[in-house]
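Chemist: sequence and predicted structure, then a few things I'm wondering about:
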Amino acid sequence: MTRRSGTFSYTQAEMALELEEAAAASHGEERLDLLAHAAKHWAEDDEHARALTLFTEVIESRREYPELDWALPAYAYSLFAVGRTEEAWAAVDAAEAHARARHSSAAHQRLADYLDSAGQLERAERNYTAALDLLLDGGDREPAVTRHPRETSPVARIRTDRRRLREQLGLPRDEHDLAAERELAAEQPASRRTLRDRLRGMRSTT
């Protein structure tokens, strides 16, 4: 653990170990949720064997605790990494069913990100498309969120990631690209108004 700019910065492994320690003192769904987060950190540290040891217990408890389905994308990512492809696709199918049932662009985006990292570009593109559909059509119950202060909408990043994959797959621009561009163009005036209001507020307090 290192200290930077007055805040503590943890590595993926350190986060995983702390979560495992917290899980050891917990019970039931809380314990499993902590194990799932620990496994996710191991997966993102490319410690897939260690991740899968934890994921196995979590995934076996899905019927009793369906909220744990959020962990399926990272589980699939680790399965792909160790060559357990058939199991990985089964986890992807389950993760897609979870995202559709919850009408969640956030869940589709999370799955797409892991599929992209695993090199499964066609399925990743499909899930970015599903996330974009939900964001643009207004039926989104769990919207994807922005990741940087300058982002005004998750549509921009999803559009960019989807476009990148489609270019790699040799696919042309389509109606989703155009719809996303219209949405982002419509958001710009509101974003500029918000910035002007903030600047006025700052000037009024000085």
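Modeler: Perfect, I can see it now. Residues are numbered from 1 along each chain as shown.

Chemist: tally of neighbours for the residue nearest to S104 when sequence neighbours are not counted?
Modeler: Among residues not flanking S104 along the chain, E142 sits closest, at 3.7 Å (C-beta to C-beta, 6 or more residues apart in numbering). For glycine as for every other residue, the C-beta is placed from the backbone atoms N, C-alpha and C. Close neighbours of E142, defined as other C-beta atoms under 10 Å, add up to 14.

Chemist: and the pLDDT at E142?
Modeler: If you check E142, the pLDDT there is 95.

Chemist: repeat for R110
Modeler: For R110, the model assigns a pLDDT of 97.

Chemist: please give me every residue in contact with it.
Modeler: 70, 73 (C-beta atoms under 8 Å, 6 or more residues apart in numbering).

Chemist: kindly recompute the last result at 7 Å.
Modeler: By C-beta atoms under 7 Å, 6 or more residues apart in numbering, the contact list for R110 reads P73.

Chemist: what's the helix or strand for it?
Modeler: helix 105-117 (DSSP states H and E).

Chemist: any idea which helix or strand comes after that helix?
Modeler: Counting by DSSP H and E, what follows helix 105-117 is helix 121-137.

Chemist: so who does the nearest residue to A38 once chain neighbours are set aside touch?
Modeler: Distances taken as C-beta to C-beta, 6+ apart put L19 closest to A38, at 3.7 Å, once the chain neighbours are dropped. Going by C-beta under 7 Å, 6+ apart, L19 touches 34, 37-38, 41.

Chemist: wait, what's in contact with the residue nearest to L52 when sequence neighbours are not counted?
Modeler: Take L52 and drop its neighbours on the chain: the residue closest to it by C-beta to C-beta, 6+ apart is S78, 5.2 Å away. The neighbourhood of S78, defined by C-beta under 7 Å, 6+ apart, consists of 43, 48, 51-52, 55.

Chemist: which ones among those residues map onto helices?
Modeler: Within the contacts of S78, residues falling in helices by DSSP state H are 43, 48, 51-52, 55.

Chemist: on that earlier part again, do you know how far the residue nearest to S104 is from E47?
Modeler: Distance, E142 to E47, using C-beta to C-beta, to the nearest Å: 29 Å.

Chemist: what of A22?
Modeler: In terms of C-beta to C-beta, A22 sits 18 Å off from E47.
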